[in-house]
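K.L.:
with the sequence up front, the predicted model follows.
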Amino acid sequence: MTLLRYTIRRILQAIPVLIGISFITFVLVNALPGDPVAIMLEGQEVDQETIEAVERRYGLDRPFHERFVTYMLGLIQGDLGYSFHRDMPVSTLMWIRLGPTLLLVISAFVFALVTAVPLGVLAAKRRNEPTDHVSRIIALIGVSTPSFWIGIMLILIFAVWLGWLPSGRLVYPWRDPAHYGFDGRLELYYQTIRHLLLPMVALGTLQMATIMRIERSSMVESLQEEYVQLARAYGVPERTILRKHAFRSAQLPIITIVGLNLSTALGGAVLIETVFEINGMGRLLIQSIQQLDYQVVMGVTIVLATIFVIGVIITDISYAYVDPRVSYGDRD
Amino acid sequence: MSNETILEVDGLKTHFYTEQGVVRAVDGVSFDVREREIVGIVGESGAGKSVATTSILRLIEEPGQIVDGEITYRDLTIVGFEEQDDGTLTPREAMLSNREMRDQVRGNEIAIIFQDPMESLNPVYSVGHQVTEFIELNRELSGGDARQEAIDMLREVGIPEPENRFDDYPHEFSGGMRQRVLIAMALGCRPTLIIADEPTTALDVTVEGQILDLVKDLQTKYGTSFIWVTHDMGIVAEICDRVNVMYLGEIVEQGPVDDIFHDTKHPYTQKLLESIPRPDRTVTELDPIAGTMPSAINPPRACRFHTRCPDARVACTEVEPRFVAVGNDADGDGDEHEGEHNDHRTACIKYDDVGYWDSVPLEKVGDRDIQYVGDRS
């Protein structure tokens, strides 16, 4: 019950944060150089009247604060504006583009956690042994190599030289298999995984390396705790100590880092989507900035910020769930 | 006191191989524990008390290593070495494997209570879960029975409404309550021997008193033996039957508590007793032991206490003290008669016929004139 109340309160607290983010984004997008109307009408012979008519139509003739209030009122109703360039509502565009990005980011974190947690635990258990040294070198390389470069190398090796995996584009598991000409769901999923593998690894490597380093140091610390010593003194097998007694409390920093690294992962997705030609939010953002499609840039920024805020809330809730010492802030 | 001896530690040496050198944390320690008695190990911080007790459970971690000695628990060889032809020591075949230590000794025969109750419980599991887990592991009880036993033990150590506190987490308990939980954990496993490593040091004095009373009651009820590690002679007087005084990795005096207190032999024990406040005596200032304990990497040769000993003579820097019986062997024939015992021993050459009394007091010589002949090894 307290956990539910805590969750609700955290969600309510997110509202002013999102309003703040919207305001800052609105200011920044308006401060961008370039004239959207000029770009929209590029290549056409137009007179001053037409330009003014277009400005009126999109409300660009009104003062800044009025435009902001109008935008926010729309936002509350789920209206993110209209894409001049793509000639469709931004919210529709978001729905189409959000799926691929979430698929990519979530799979990258799954990949990172599934590999980094066991490796980190193993490195901590075999501290200062070869296993530890090797995994630490891998982590160091992972942390210091740019993800787009890893992406390019993966394409070069696995797509171009070996020809094992496709080099780009995604197959979406929620689509109808017939859309791609596949036999059924099973083949669709198989192809989804094949297509996802390289971008997932490219985006997930940094996360894997970061999580591995923290998992290792957190486990090393945890294994030296007195309660772990006590478990040993009571004849608990080393395996159980590693899996249970030392493990759970060591995961608290991991939860924090996954939540915070959601921002770097979303940022990384922009690059990875470009490298792998994935039509997600990131690629949309780059294209819209180039096209000065303001409403879309605004929309993408706000949606990504919202995802980040949701991620942080989930982090806080899981932290409170794992660590009983976290106070829910109730006064009782 | 004709109870059977359950634990025997003989010539135990536990060394730590650090970059600065070999730390001789425990360097030839012998003592035993009998059924149903509380044996104290007392000494300053760094004397090697905890290392000695941790060695009994063979929980010494790198870079530490048990290098010599025997530890026997009933008929089990916890530590045992045999000399090879080339003079090196190797573990005897009878020595328990790590697995056997885990399954046969740790928890079910010998349990431990650590110093800091704040750090000894896992913060992310409920108190009841932790007590139940250890009981289930060390006794043949099913989950439900182990849970009931845990509740009963928590009640036994004075946790009010244990059914309701069962699912609470450690941070919801006070320090004293947590230490009670740890005692419940230890006793719940029904061990024969419990090692209590300064279990009341982190608690305030009133709580300490309550815990000591509780332990005395439960010790009588369950007939458990205790090794009680402490630096506080007051606690020794209160609960111990016999005591071992440790200094810099060695035991300097051992014997029944009455003898140690009323017929103190070793100057170090003397100084320890003088440095505790006593309500029955009016003193304006306590008399602490001069200086700090020397490093265990390169300990003073011969008697290790000679650098701080008020009675030190030149002979103390030359002659390795042996353990000599100083018990109230009333008729001096070396045998135990009624009312006599030879349990009281000390390692001070004052009580050994090796020339202490003919030697010059150390303070008259001055440090520079002492000839050190090589290093002790």
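P.N.:
Thanks, I have it. Residues are numbered from 1 along each chain as shown, chains lettered A, B, ... in the order given.

K.L.:
these two touch, right, A:D183 and A:P177?
P.N.:
Yes - the pair A:D183 / A:P177 is scored as a contact, 6.9 Å apart, by CB atoms under 8 Å. Using the backbone N, CA and C atoms, a C-beta is placed for each residue, glycine as well.

K.L.:
what about the two, which has more around it?
P.N.:
Higher neighbour count among A:D183 and A:P177: A:P177, with 17 against 9, using other CB atoms under 10 Å in any protein chain shown.

K.L.:
residues touching the more buried one, list them.
P.N.:
Taking CB atoms under 8 Å, 6 or more residues apart in numbering or on different chains, we find A:P177 in contact with A:183-185, A:187-188.

K.L.:
neighbour-wise, which of those leads?
P.N.:
A:L188 (21 neighbours).

K.L.:
and the helices in the stretch 201-350 of chain B?
P.N.:
Under the criterion DSSP state H, counting those that start in this stretch, the stretch 201-350 of chain B contains helices at B:205-222, B:233-239, B:257-262, B:267-274.

K.L.:
nearest to chain A among those would be which one?
P.N.:
helix B:205-222 (17.1 Å; CB to the nearest CB).

K.L.:
which residues are in contact with the residue of the stretch 151-300 of chain B found nearest chain A?
P.N.:
Among the residues of the stretch 151-300 of chain B, B:Y169 lies closest to chain A, at 4.1 Å counting by CB to the nearest CB. Contacts for B:Y169 (CB under 8 Å, 6+ apart) come out as A:324-325, B:123-127.

K.L.:
same list (those) but as CSV, adding pLDDT.
P.N.:
Below are the contacts of B:Y169 laid out as CSV (pLDDT from 0 to 100):
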residue, pLDDT
A:P324, 83
A:R325, 82
B:P123, 91
B:V124, 90
B:Y125, 92
B:S126, 93
B:V127, 94
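
K.L.:
in helices only, show me the residues you listed.
P.N.:
B:V127 (DSSP state H).

K.L.:
drop anything exposed from the contacts of B:Y169.
P.N.:
Among these, those classed as buried by 16 or more other CB atoms under 10 Å in any protein chain shown are A:324, B:123-127.

K.L.:
tell me the one of these nearest B:F261?
P.N.:
B:V127 (37.8 Å; CB to CB).

K.L.:
how about the residues of the stretch 51-200 of chain A by chain B?
P.N.:
Counting by CB under 8 Å from any CB of the partner chain, no residue of the stretch 51-200 of chain A lies close to chain B.

K.L.:
low-confidence ranges, the stretch 51-200 of chain A, go.
P.N.:
Along the stretch 51-200 of chain A, the model assigns pLDDT under 70 to no residue.

K.L.:
at 80 instead, please
P.N.:
For the stretch 51-200 of chain A, residues meeting the criterion pLDDT under 80 lie at A:54-55, A:57-61, A:84, A:168, A:182.

K.L.:
how about the stretch 201-332 of chain A?
P.N.:
A:292, A:326-332.

K.L.:
mind listing the helices for it?
P.N.:
Going by DSSP H, counting those that start in this stretch, the stretch 201-332 of chain A shows helices at A:226-233, A:238-240, A:247-250, A:252-275, A:281-290, A:294-322.

K.L.:
select, out of these, the one closest to B:E93.
P.N.:
Here helix A:238-240 is closest among the helices of the stretch 201-332 of chain A (CB to CB), at 23.5 Å.
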